[in-house]
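K.L.:
any chance you could fold what I've pasted below:
(one chain, ligands or ions: 1)
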Amino acid sequence: MEDYKYLFKVVLIGNAGVGKTCLVRRFTQGIFPPGQGATIGVDFMIKTVEIDGLKIKLQIWDTAGQERFRSITQSYYRSAHALILVYDVSAQPSFDCLPVWLREVEEYASPKVLRVLVGNKVDRDDREIPPAVGEGFSRMNNMYFIETSAKDCSNVDKLFQEIARELIQDANSNDGPVGQQDTTHLDGAAEKSWSESNCCKS
Ligand SMILES: Nc1nc2c(ncn2[C@@H]2O[C@H](COP(=O)(O)OP(=O)(O)OP(=O)(O)O)[C@@H](O)[C@H]2O)c(=O)[nH]1
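P.N.:
Numbering: from 1, shown residues only. A predicted model of the protein is given here:
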């Protein structure tokens with residue numbers, strides 16, 4: 001039997017092309033994949049991380065951003081322990097769509113799900129969304145916030161490790177069976193940010 005203390009399900013959502021697949025591949029395989037197509041429906045990958053000596057298995061679901069897959073992808077929200085809502089810091093429309101995504105989260109996810117806002121592609125020099133704007137949105141909506149680059153690796157490990165850390169805390173406070181814990185939305189989440197730069201090790 002595989003040796004791990006917790007299994008958590010993490011689901012990435014957000015507009016097509018914001019870099020969800022690249023974030024997952026960077027984290028799970030340590031690569032920035034060259035020119036691959038849009039995700040069809042959903043895809044998933046597993047990675048085990050170690051937090052304070054505990055082995056945590058993350059089951060990471062990468063969903064298609066395209067509208068036509070929405071009914072398939074929504075069905076994956078319900079059982080998520082954490083939802084990562086990704087936008088592209090160089091694409092204003094991907095930021096403008098965040099309220100629409102949040103309405104879907106309200107409708108289909110557990111009210112206790114850990115919600116994380118990610119501004120991806122910070123390596124680009126044509127940024128349109130300043131960090132403070134992303135942070136402000138996350139605060140208003142009681143989400144964690146971090147900016148990443150799947151390309152140059154910034155904050156990718158940190159994103160998933162912080163999620164694992166929060167979910168462990170939450171599972172411990174709920175005292176549920178391994179892998180089945182409900183996540184509670186943490187008090188004070190709005191004030192928290194993981195955005196200090198910290199490059200992942202590949
Ligand atoms: N500069 C830069 N480009 C990125 C980054 N992450 C992804 N990209 C590029 O953005 C494009 C889309 O990336 P994907 O990971 O396929 O985007 P997605 O959100 O999974 O898209 P869908 O599967 O259609 O929902 C690709 O051309 C990537 O090379 C990043 O951090 N920096």
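
K.L.:
how about stretch 151-166 against the ligand, any contact?
P.N.:
Yes: using Cβ under 6 Å from any ligand atom, a contact is recorded between stretch 151-166 and the ligand, made by Lys151. C-beta: built from backbone N, CA, C; applies to glycine.

K.L.:
next, the buried residues of that stretch.
P.N.:
Of the residues in stretch 151-166, 151-166 count as buried by neighbour count, 16 or more other Cβ atoms under 10 Å.

K.L.:
quick one: contacts for the residue most central in space within the chain?
P.N.:
The chain has Ile84 as the residue nearest its centroid, 2.6 Å off, counting by Cα atoms, centre = their mean. When contacts are counted by Cβ atoms under 8 Å, 6 or more residues apart in numbering, Ile84 touches Val10, Val11, Leu12, Ile13, Gly14, Lys20, Leu23, Val116, Val118, Leu159, Ile163.

K.L.:
the residues you listed in strands, which ones?
P.N.:
Using DSSP state E, Val10, Val11, Leu12, Ile13, Val116, Val118 are the members of the contacts of Ile84 that sit in strands.

K.L.:
out of these, flag the one nearest to the ligand.
P.N.:
Here the nearest of the ones in strands among the contacts of Ile84 to the ligand, counting by Cβ to the nearest ligand atom, is Leu12; it sits at 7.8 Å.

K.L.:
wait, isn't the closest one in contact with Gly65?
P.N.:
No: Leu12 is not in contact with Gly65 according to Cβ atoms under 8 Å; the separation is 9.4 Å.

K.L.:
which neighbouring elements make contact with the lowest-mean-pLDDT helix or strand in the chain?
P.N.:
Counting by mean pLDDT, DSSP states H and E, the chain has its least confident helix or strand at helix 70-74, which shows a mean of 87. For helix 70-74, the elements it packs on are helix 98-108, judged by 3 or more Cβ pairs under 8 Å, 6 or more residues apart in numbering; DSSP states H and E.

K.L.:
how far off centre is the helix it packs on?
P.N.:
Remark: helix 98-108 is offset 15 Å from the chain centroid, using Cα atoms, centre = their mean, to the nearest Å.

K.L.:
which residues are contacting that helix?
P.N.:
For helix 98-108, with Cβ under 8 Å, 6+ apart as the criterion, the contacting residues are 13-14, 70, 74-75, 77-78, 83, 85, 87, 113, 115, 117, 137, 141.

K.L.:
can you pick the most crowded of these?
P.N.:
Leu83 (29 neighbours; other Cβ atoms under 10 Å).

K.L.:
distance check, it against the ligand.
P.N.:
Relative to the ligand, Leu83 is positioned 14 Å away (criterion: Cβ to the nearest ligand atom, to the nearest Å).
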